[in-house]
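J.: After the sequence you'll find the predicted model.
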Amino acid sequence: MEPLILYPEKAPFHVAKALEEFGYPFTPISLIARVSSLEPSEGWSGAIVCADQSLEDAFFVCRHLRTKERQITPLLLVIERSMLDKLELREDLFDDFVTLPLDTKEFHVRLQRLFFRTGRGLVQEVIEYGPLKINLETYQATVASRALDLTYMEYQLLTFLASHPGRVFDRETLLSRVWGYEYYGGARTVDVHVRRLRAKLGEQHESMIETVRSVGYRFGRHQR
Amino acid sequence: MESSSEKSSKIGYVLKTVEERKVNFIQLWFSDILGTPKSFQITPAELENALQDGMTFDGSAIDGFSRIQESDVIALPDPTTFTLMPSDPSVASVFCDIYNLDLTPFEGCPRNTLRRALDRAHKLGYTFFAAPEIEYFYFDTHIKDGPVPLDNGSYFELTVANLPSQIRKKTVLALEDMGIPVEYSQHEDAPSQHEIDLRYTDALSMADNVMTARVIIKEIAAAHGILASFMPKPISGVQGSGMHTHFSLFKGNSNAFYDEEDPYQLSEVARRFIAGVLHNAPAMTAITNQWVNSYKRLVVGYEAPTYVSWAQNNRSALVRVPKPKSNNPDSTRFEYRAIDPGVNPYLGFAAILGAGLDGIENGYELPSEVQENLYKLSPEEVEKYGILSLPGNLDEAVKEMERSTLMREILGEHVFEWFIRNKRDEWSGYKTHVSQFEIDRYLERL
């Protein structure tokens, strides 16, 4: 992953520390000119702009990053809680925000979400894993170029699993992340859907979804 | 409540699939109170609107949908049920929930009835699963002289490589393509009788699946010039068609019916639930066996139940509790054997769930298992065991049902009242009919 811009160089300690902990590479920058001179060849992955010292400066930086020829997204604004009302009509300048004092857990989740949804170069339109291809734009999945007729929930489950290859999920987690809590099925439903997905993937590819005994399921570990 | 992004994602999925897969028509499916599938067709141009706001239609022509003041209702598609039709992928189907114009759930919609029952179970932490075994006959389409079977095969028969068995195979593949997994399919006991067992899933999806399966079974047969019939007892003297259904209750990850310690491996929840089902069985038989003809199947000698009893392994019992596979506690379940394939699955499953929950909530005790072949017992012996009988005909069944406040509560006032009225009409039509049986027997002799 290419580094993120962290503005300004003297960003709040917890912000820099959290980025280090989460493993996001970043480059602290205060001078706007350096955004171009330090720009990696693949472009910046995004920017964290802290407004704790000057809100106006932060907005200025945001506007600059937004209007650059090579637009920088996602853009996360870090702002004092007391300044929230100043964000009115500024929605165009940033993709999301977190408030100070920083809740590192929230910070992490927001970053993940930003990179999942709008991350530059990380904008996922297609998930590919070996012979499996899921087009998130058109909701169509194919395996070895064969179209899969999936129901909505089968599609959601496959997409969720394929977005997190190698990770083991228990049934409760899958149920709450894929189905939401309102569903009638209960955890057993996950098994029913996994079985159906495997059947649709076909004998050759059904091992893409692996049962992890007495835990749940893992996607991947399939010869790619 | 469902979030708006969830809703738009579901709608997006349906719209994009219609576009990508070049679907030309979308059938909106729903069920009337008797479980007859109803549908109307829309084009992709109308689809987005339909998914967002539903389609308004005049419900007065649908059995059980008419009301005094207002006949318009709204059919709102449930996008999670969207599926392409295997016979023609340019056609897709989607099940609908019916709403009133003020967007409250319509009381006459059977899918809503089942949802309500499932909500109740959900509040107690339970999820309810069903796995039906659908039996039916293939007949010649010329039915003027009665049903003509197409083969003389019997149970599990492998040698008859005839058309009906091939049609059954095609049907199974079509169901699988639609996301309805089939566990087994086989030739059944009677000539031309077949069975398709669906793999368990949650009761709402399963009720949808039963509706779909019945349509697909009939459609594929019709495409081959054959009649598929779910009539419970089409031919006297041979077995009728049942829809034995296996039910289980889960709490989170584990089967709430399972208890390792118990000699039957049945938990207290299971015992109470089954006790509730037995206790309420006579009152819900009008729902699980809703036609005059249903009661011609529920007679002694054809592996159909006539008495209210349970056993681990007794083909004459109403409820059978198969021994769970020793390595798989999750397979703990009971089989309800009265229900027939003419049932409205939404109402049938709702009644059985409601009856079971009644058993849990009121702490009913499970009577002891009856292993004797009930068909061989005399009425005195049956009485000695304290065994109740199932209603002997639709009239008795409706009277039993009418007395049950529980059934009224499960079905809701609208469905309950309409159902009773409709079934009384059916009975009075039957009662005044002079049958061939009587002509043959009495015309000359008397």
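T.: Ah, there it is.
J.: Leaving aside the residues adjacent along the chain, what's closest to B:L298?
T.: Nearest non-adjacent residue to B:L298, counting by Cβ to Cβ, 6 or more residues apart in numbering or on different chains: B:A304, 5.2 Å away. (Glycine included, C-beta is placed from N, CA and C.)
J.: how near is that neighbour to chain A?
T.: 29 Å (Cβ to the nearest Cβ, to the nearest Å).
J.: Validate this expectation: that residue resides in a helix.
T.: No - counting by DSSP: H, G, I helix; E, B strand; the rest coil, B:A304 is not found in a helix; it is coil.
J.: show me the contacts for it.
T.: B:239-240, B:242, B:297-298, B:337-338 (Cβ atoms under 8 Å, 6 or more residues apart in numbering or on different chains).
J.: do the same with B:S404
T.: Neighbours of B:S404 in contact, by Cβ under 8 Å, 6+ apart: B:280, B:283-284.
J.: so what's residue 222 scoring on pLDDT?
T.: Let's take chain A. With respect to pLDDT, A:H222 has a value of 48.
J.: That was the other one, I meant chain B.
T.: 94.
J.: What is the neighbour count of it?
T.: When neighbours are defined as other Cβ atoms under 10 Å in any protein chain shown, B:A222 has 12 of them.
J.: In the stretch 101-250 of chain B, what residue lies closest to chain A?
T.: Residue of the stretch 101-250 of chain B nearest chain A, by Cβ to the nearest Cβ: B:T127 (3.0 Å).
J.: So what does B:N344 look like in phi/psi?
T.: phi -80, psi 110 (degrees, to the nearest 10).
J.: contacting residues around the residue nearest to it when sequence neighbours are not counted?
T.: Spatial nearest neighbour of B:N344, excluding adjacent residues (Cβ to Cβ, 6+ apart): B:G35 at 2.8 Å. Residues in contact with B:G35 (Cβ under 8 Å, 6+ apart) are B:110, B:211, B:290, B:342-347.
J.: Tell me the one of these nearest chain A?
T.: For these, the nearest to chain A is B:Y346 (12.8 Å; Cβ to the nearest Cβ).
J.: Can you tell me the closest non-neighbouring residue to the closest residue to chain B within chain A?
T.: As assessed by Cβ to the nearest Cβ, chain B sits closest to A:G186 within chain A, at 3.0 Å. What sits nearest to A:G186 in space, not counting adjacent residues and going by Cβ to Cβ, 6+ apart, is B:T127, at 3.0 Å.
J.: Spit out the contact partners of residue 135.
T.: If you meant another chain, say so; for now it's chain A. A:125-126, A:141.
J.: Actually, chain B is the one I wanted.
T.: B:E135 neighbours (Cβ under 8 Å, 6+ apart): B:188, B:193-195, B:241-243, B:341.
J.: Most neighbours among those residues, please name it.
T.: B:G242 (29 neighbours).
J.: host element of that one?
T.: Secondary structure assignment for B:G242, by DSSP states H and E: no helix or strand.
J.: ok so, going back, JSON lines for the contacts of B:A304, including secondary structure and pLDDT?
T.: Converted to JSON lines, those look like this (DSSP: H, G, I helix; E, B strand; the rest coil; pLDDT from 0 to 100):
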{"residue": "B:Q239", "secondary structure": "coil", "pLDDT": "93"}
{"residue": "B:G240", "secondary structure": "coil", "pLDDT": "95"}
{"residue": "B:G242", "secondary structure": "coil", "pLDDT": "97"}
{"residue": "B:R297", "secondary structure": "helix", "pLDDT": "96"}
{"residue": "B:L298", "secondary structure": "coil", "pLDDT": "95"}
{"residue": "B:R337", "secondary structure": "coil", "pLDDT": "97"}
{"residue": "B:A338", "secondary structure": "coil", "pLDDT": "97"}
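J.: can you list these in TSV and add distance to B:E383?
T.: As requested, the contacts of B:A304 are exported to TSV (distance: Cβ to Cβ, whole Å):
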residue	distance to B:E383
B:Q239	27
B:G240	26
B:G242	26
B:R297	24
B:L298	19
B:R337	22
B:A338	21
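J.: May I have the predicted confidence score for B:V160?
T.: 46.
J.: Over to B:S5?
T.: pLDDT, B:S5: 69.
J.: what's the lowest-mean-pLDDT helix or strand in chain A packed up against?
T.: Within chain A, confidence by mean pLDDT, DSSP states H and E is lowest for helix A:104-117 among all helices and strands, at a mean of 83. Contact analysis of helix A:104-117 by 3 or more Cβ pairs under 8 Å, 6 or more residues apart in numbering or on different chains; DSSP states H and E lists helix A:13-22, strand A:75-80, strand A:96-100 as its packing neighbours.
J.: quick one: which of those is nearest B:N362?
T.: strand A:96-100 (52.3 Å; Cβ to Cβ).
J.: can you tell if stretch B:185-194 touches chain A?
T.: No - Stretch B:185-194 stays clear of chain A (Cβ under 8 Å from any Cβ of the partner chain), getting no nearer than 15.4 Å.
J.: Kindly check the end-to-end length of that stretch for me.
T.: Using Cα to Cα, to the nearest Å, one end of stretch B:185-194 lies 8 Å from the other.
J.: Please apply the same query to stretch A:141-161.
T.: 13 Å.
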